[in-house]
Each structure stands twice: as C-alpha cells, then as structure tokens.
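> Fold the following for me, if possible:
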Amino acid sequence: MNNNNSANNEELTIDLLALFRAIWHNIVFVLLAGVVCGVLTFFVTSTFITPKYQAAAMFYVNNSTFSVGSTSFSISSGELSAAQTLVDTYVTILDSRPTLEEIMKEAGVEYPLKDFREMISTENVKNTGIFKVTVTSESPLEAELIANTVTRVLPERIAEIVDGSSVRIVESAVVPAGRSSPNLLKNTAIGILLGMFLVVGIITMKMLFAPPPEELINSSDDLSAAYPDIPILAMIPDMRQHVKGEYSSYYKQDTKKQKGGK
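Numbers count the residues shown, from 1 in each chain. Next up, the predicted model:
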C-alpha cells in the first residue's frame, strides 16, 4: 500500500512539474495575453461603460417619545433595537411614492419612479441611530443636488407622518470628487488575470489531451524526459545536417555521385 501511494504521489509530482515547465516555456505568451486583455479591459471600461457618482447625506434619529397613529414609543439611548425600528420607519417614508415625487419636484429632475427609487439607497451606520442616504447618478452635480434635496424634504415628510419625531442632519452631501463605478484599476487587474489564466488553461488542456511522451520523441532530450531512469548509450548522427565535419562532407559527396549516376 505504501509503495502504491508513493508511486501515485511521484507520478502526480512529475505531472505538476511538467505543467510548470510548459507554463515557464510559454511565459512570454502568458504575460503577453495578460497585457493585451488588461489593455482591452481598460479601453472597454473607460470608453463604453458610463461612469457613475455617489453623494451621501447622514441623518440622526433623535431618541425621544413619538407616536404613529394611536401607538406611542419611548426610545432611550440604550435601546438600539428600538432606534433601529425608528430608522426603518424613516427609510420606509423616504421610499414611499409621495416622498420620492416631492424630491424629484424639488430637485427639478424627472425619472421614472422605479429608476429614481433605485438611485437612492439607505443604510444604518454601525447599528446606531444614524442612517445614511446615498444617491447614485451619472452626473456628480445631480447626485449632490438630489442628496441635499433629501435633507430638506425628508424631515418635513417625517414630521407630517410621525408625531413628535425629530430628525437632524449630521452631514450634508458634497459633490463627489471621483467616480464610484466602474473601478478602472480593479477591472484592468481582472482583465490581466483572466488573460493569463486563459493561456495557462490552454496549455493545461494541451497537456491533458497530448499523446504519451514516448510518441513525441524527436531528440535525445525527449528520450531522457520520457525515460529518465534509462541512460542513453549512443546516438546516430544525422547525415543530412549541414555542419562542418566529415559527416557533412561525406553526405555532399554521396549526393553528387547519386546525381552523376543518373
């Protein structure tokens, strides 16, 4: 059993070494494919994908007693779960159709309601009473405009619906300095890796479906690689090689005799 396992491990090691040698012998093509795919990915990303920008504003949920309809809630600074419930209530109000339509009207923009809803995202900041509203747009100025419009419209809408509510602006939105997507560096790196893996995959497939080594013996190196445990005792020179020496001279004389005889 141990001998069989050793033989299997040795065979696997030899195969992996052969694969590594094949990749190393074609390293130029591997690197070239990575560079070409990286440049192509960079070109496609920067030319055909529309960049998007994000502007964000943050709100603070005041911990106090408030009521929704006939139900009253009392929120203290230690009751984070209750504060999270209040944040969820405010986010639902922001996501409602009347609020979104009022934001579009106030900002002077027109979008289908579904598309405009997808442009606005919310998240709770580290499970606190602070939540962030992020606006994604193809224009950095428009993203900042809509986000700051939310800071004006949302507190008024919440005050109309939730009695005794108090929402304070922690941070207003600013014009984003750079794009949020696509990430040129990340996409280019992915393109380089995909190009290199593609060539490595082709090399691996060629090795998997290649004939056995003993059927591809063209030189003494191939013979040594196919039978590493058997030494080469002698070699028969190739008379047709045009090299300096008696073999080449003999071959040329013999060829002239054959032509003269004809």
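> what does the model give the residue most central in space within the chain for pLDDT?
Nearest to the geometric centre of the chain sits I190, at 5.3 Å (Cα atoms, centre = their mean). In this model, I190 is scored at 96, pLDDT.
> ok so it is a strand residue?
No: according to DSSP: H, G, I helix; E, B strand; the rest coil, I190 belongs to no strand; its state is helix.
> Low-confidence bits of the stretch 51-200 of the chain, can you list those?
The stretch 51-200 of the chain contains residues with pLDDT under 70 at 62-84, 127.
> Please enumerate the helices of it.
80-94, 97-107, 113-119, 140-161, 184-208 (DSSP state H, counting those that start in this stretch).
> among those helices, which is nearest S46?
Nearest to S46 among the helices of the stretch 51-200 of the chain is helix 184-208 (6.2 Å), distances taken as Cβ to Cβ. For every residue, glycine as well, the C-beta is placed using N, CA and C.
> Show the subsequent helix or strand relative to the closest one.
helix 220-226 (DSSP states H and E).
> Now that following helix: average pLDDT?
In this model, helix 220-226 has a mean pLDDT of 72.
> just to revisit the earlier point, out of everything not next to it in sequence, what's closest to the residue nearest to the centre of the chain?
T41 (6.8 Å; Cβ to Cβ, 6 or more residues apart in numbering).
> again, but for V91
T122 (4.7 Å).
> quick one: contacts for that neighbour?
Contact partners of T122, counting by Cβ atoms under 8 Å, 6 or more residues apart in numbering, are V91, L94, D95, F131, K132, V133, T134.
> Kindly reformat the helices of the stretch 51-200 of the chain as TSV containing distance to Y60.
Shown next, in TSV, are the helices of the stretch 51-200 of the chain (distance: least, Cβ to Cβ, whole Å):
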stretch	distance to Y60
helix 80-94	10
helix 97-107	19
helix 113-119	23
helix 140-161	11
helix 184-208	33
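> Point out the most buried one among those helices.
Highest mean neighbour count of the helices of the stretch 51-200 of the chain: helix 140-161, a mean of 19 (counted as mean count of other Cβ atoms under 10 Å).
> was I right about S139 contacting A55?
No: with contact defined as Cβ atoms under 8 Å, S139 does not reach A55; the gap is 10.1 Å.
> of those two, who's got more company?
A55 (25 against 15; other Cβ atoms under 10 Å).
> tell me which residues form a beta bridge with that one?
For A55, the residues forming beta bridges with it (DSSP bridges) are V135.
> Tell me, what's the model's pLDDT at I14?
45.
> meant to ask about K257, not that
Per-residue pLDDT puts K257 at 53.
> Would you agree D95 is in contact with R117?
Yes: proximity of D95 to R117 meets the contact threshold set by Cβ under 8 Å, at 6.5 Å.
> Next up, the contacts around S181.
S181 makes contact with P51, K52 under the criterion Cβ under 8 Å, 6+ apart.
> What of the one 3 residues further on?
Residues counted as contacts of L184 (Cβ under 8 Å, 6+ apart) are F42, T45, S46.
> Of these, which is the most crowded?
T45 (20 neighbours).
> Without its sequence neighbours, what residue ends up closest to it?
Distance criterion Cβ to Cβ, 6+ apart; nearest residue to T45, sequence neighbours excluded, is N187 at 4.7 Å.
> roughly how far apart are that neighbour and V35?
Using Cβ to Cβ, to the nearest Å, we find N187 at a distance of 15 Å from V35.
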